[in-house]
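Quick one, what's the 3D model for this:
(one chain, ligands or ions: 3)
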Amino acid sequence: MYNTKAYSAASATSPLAHTQIKRRDPTGHDVRIEILFCGICHTDLHQVRNEWSSIMPTVYPIVPGHEIVGRVTKVGSEVAKYKPGDLAAVGCLVDSDGTCPQCEAGLEQFCPNLTLTFNSPDKHLGGVTYGGYSDSIVVDERFVLRVPAHLNLAGAAPLLCAGITTYSPMRHWAVTEGKKVGVVGLGGLGHMGVKFAHALGAHVVVFTTSPNKQEDALRLGADEVVVSRNAGEMRKHAGSFDFILDAVSAEHDINAYINLLGRDGNLTLVGAPAKPLAVAAFSLIMARRSLSGSPIGGIAETQEMLDFCGAHNITADVEVIPIQKVNEAYERLLKSDVKYRFSIDMASLKSE
Ligand SMILES: NC(=O)c1ccc[n+]([C@@H]2O[C@H](COP(=O)([O-])OP(=O)(O)OC[C@H]3O[C@@H](n4cnc5c(N)ncnc54)[C@H](OP(=O)(O)O)[C@@H]3O)[C@@H](O)[C@H]2O)c1
Ligand SMILES: [Zn+2]
Ligand SMILES: [Zn+2]
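Ligands and ions are numbered 1, 2, ... in the order given. Below is the predicted model:
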């Protein structure tokens, strides 16, 4: 074991602060990565504040962060895919059983025995896993990904969660040219959804509660922007969408969006508000519409997404911050005041 610097929260009401944590020494198939950038996902905030207590209660102290890009510094004796000096990335998953039907299908995100990057039972050290707001991390090479070297690394970090979480359902629901696709909520996930839907050739409509994001939405790849608080603008799109991705982090009326779907249209929730959302049965019944959800993505698909981003030069639009600004960043995230993802420059942790 070795000590490494990190930022953790001691309770649901404590700010994140500097601490030391223990990591295992890399053995066998382990890869040790010096973390260069870590994105701030709204999930970090939900979990630091224990907002998902009924589903996955937070164990304190918590070290969040699952949008990790860094450089390999050490490898175990059996590691074949990585060597010191390589660029590497880690997303929301760090382990799974590897033997269940989900793992065999390459869908580790559905494995009943998966290990999430933070706040998940740690098989090696006991306690829970600690995430990317840290100097380094040790991960089995099966869960380490390759980042196309020409991508901006600060902007590549958010691909590991915001990227795969929006790419995966768009592939599953066959977003392609000729499809009309809506993206609800222009935050970290939403803005990646817009970039992917545009790159996949769809006609993209952004729904935002923030009128000041309209120009950005068009620049990011939207064909149209609707300010969702304007009922008249919403009505114009009734019954016309093939697919809508809902990436909103807070309570909102999803029936307003289900009603915009055409026959057999699908709305997929990736946003995970703490409280249940009410669904009007008739919104779904009348046009055989469906409502579903989607969690992150498997390892193979995450690599496919990173390669797609390499080929299309896609990264997140980021505001790079030092770790010392993380608490301020959380407050801004709650006000939808980020364009469009915070990416922590982990070099700032070295001075603590
Ligand atoms: N399914 C998964 O695997 C997965 C993975 C990662 C994250 N998530 C979840 O996805 C959600 C979004 O994450 P994120 O990191 O993209 O968050 P984010 O950057 O904070 O974006 C959320 C966006 O939702 C909109 N919004 C916020 N409050 C709203 C309200 N009261 N009513 C209507 N719209 C509102 C805002 O967009 P506008 O300003 O454009 O309205 C905001 O930018 C979170 O709940 C997160 O936990 C799920
Ligand atoms: Zn995330
Ligand atoms: Zn499994």
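
Do me a favour and get the end-to-end distance for stretch 273-291?
End-to-end distance for stretch 273-291, by Cα to Cα, to the nearest Å: 15 Å.

Whatever helix or strand Val194 lives in near ligand 2 anywhere?
According to DSSP states H and E, Val194 maps onto helix 188-199. No. In terms of Cβ under 5 Å from the ion, no part of helix 188-199 sits within range of ligand 2; the closest distance is 7.9 Å. Bear in mind the C-beta positions are built from the backbone N, C-alpha and C, glycine included.

Remind me what that helix packs against, helices and strands.
Contacts defined by 3 or more Cβ pairs under 8 Å, 6 or more residues apart in numbering; DSSP states H and E place helix 188-199 against helix 162-172, strand 180-184, strand 203-208, helix 214-220, strand 241-246.

cutoff 6 Å now
Packed against helix 188-199, as judged by 3 or more Cβ pairs under 6 Å, 6 or more residues apart in numbering; DSSP states H and E, are the following elements: helix 162-172, strand 180-184, strand 203-208, helix 214-220.

That one: how far from the chain's middle?
Average the C-alpha atoms of helix 188-199, do the same for its chain, and the two points are 12 Å apart (Cα atoms, centre = their mean, to the nearest Å).

ok, residues contacting that helix?
Around helix 188-199, the neighbours that count as contacts under Cβ atoms under 6 Å, 6 or more residues apart in numbering are 162-163, 165-167, 170, 175, 181, 183, 204, 206, 220-222, 245, 247, 270, 312, 314, 340-341.

Dump the helices and strands packed on helix 188-199 to a markdown table, plus mean neighbour count, mean pLDDT and distance to ligand 3.
Rendered in a markdown table, the data for the helices and strands packed on helix 188-199 read as follows (neighbours: other Cβ atoms under 10 Å; pLDDT from 0 to 100; distance: least, Cβ to the ion, whole Å):
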| stretch | mean neighbour count | mean pLDDT | distance to ligand 3 |
| --- | --- | --- | --- |
| helix 162-172 | 25 | 98 | 17 |
| strand 180-184 | 27 | 98 | 31 |
| strand 203-208 | 25 | 98 | 34 |
| helix 214-220 | 16 | 98 | 35 |
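
need the ones you listed in TSV with distance to ligand 1, can you?
As requested, the helices and strands packed on helix 188-199 are arranged in TSV below (distance: least, Cβ to the nearest ligand atom, whole Å):
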stretch	distance to ligand 1
helix 162-172	4
strand 180-184	7
strand 203-208	3
helix 214-220	8
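
how about the residues of the protein near ligand 2?
Contact residues (Cβ under 5 Å from the ion) of the chain with ligand 2: Cys41, Thr43, Cys161.

In the chain, mark out all the helices, start to finish.
Listed in chain order, the helices of the chain (DSSP state H) span 42-48, 101-104, 153-156, 162-172, 188-199, 214-220, 231-235, 255-258, 281-285, 299-312, 326-334.

export the lengthiest strand in the chain as PDB, just CAs?
The strand of greatest length in the chain, counted in residues with DSSP state E as the criterion, is given as strand 30-40. Listed in PDB are the C-alpha atoms of strand 30-40, where the atom choice follows Å, rounded to 0.1, in the frame of the first residue of the first chain:
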ATOM      1  CA  ASP A  30      -3.000  -3.700 -12.100                       C
ATOM      2  CA  VAL A  31      -2.100  -0.400 -13.600                       C
ATOM      3  CA  ARG A  32      -1.100   2.600 -11.500                       C
ATOM      4  CA  ILE A  33      -2.100   5.900 -13.100                       C
ATOM      5  CA  GLU A  34      -1.000   9.500 -12.200                       C
ATOM      6  CA  ILE A  35      -4.100  11.500 -12.700                       C
ATOM      7  CA  LEU A  36      -3.800  14.600 -14.900                       C
ATOM      8  CA  PHE A  37      -7.400  15.700 -15.200                       C
ATOM      9  CA  CYS A  38     -10.700  14.600 -13.600                       C
ATOM     10  CA  GLY A  39     -14.100  15.900 -14.700                       C
ATOM     11  CA  ILE A  40     -16.800  17.000 -12.200                       C
END
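
angle of that strand against helix 326-334?
Computed by axes from the mean of the first three to the mean of the last three Cα atoms, to 10 degrees, the angle separating strand 30-40 from helix 326-334 equals 60 degrees.

Okay, angle between strand 30-40 and helix 188-199 too, please.
Relative orientation of strand 30-40 and helix 188-199, computed by the same axes, to 10 degrees: 100 degrees.

From the contact counts, what lies against strand 30-40?
strand 68-75, strand 136-140, helix 153-156, strand 341-345.

Tabulate those in JSON lines, adding columns for mean pLDDT, distance to ligand 3 and mean neighbour count.
Converted to JSON lines, the helices and strands packed on strand 30-40 look like this (pLDDT from 0 to 100; distance: least, Cβ to the ion, whole Å; neighbours: other Cβ atoms under 10 Å):
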{"stretch": "strand 68-75", "mean pLDDT": "98", "distance to ligand 3": "22", "mean neighbour count": "22"}
{"stretch": "strand 136-140", "mean pLDDT": "98", "distance to ligand 3": "13", "mean neighbour count": "23"}
{"stretch": "helix 153-156", "mean pLDDT": "98", "distance to ligand 3": "27", "mean neighbour count": "23"}
{"stretch": "strand 341-345", "mean pLDDT": "98", "distance to ligand 3": "29", "mean neighbour count": "26"}
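
looking at those, which is closest to ligand 1?
strand 341-345 (6.8 Å; Cβ to the nearest ligand atom).

and the residue of the stretch 201-350 of the chain nearest ligand 2?
Among the residues of the stretch 201-350 of the chain, Ile296 lies nearest to ligand 2; the distance is 7.4 Å by Cβ to the ion.
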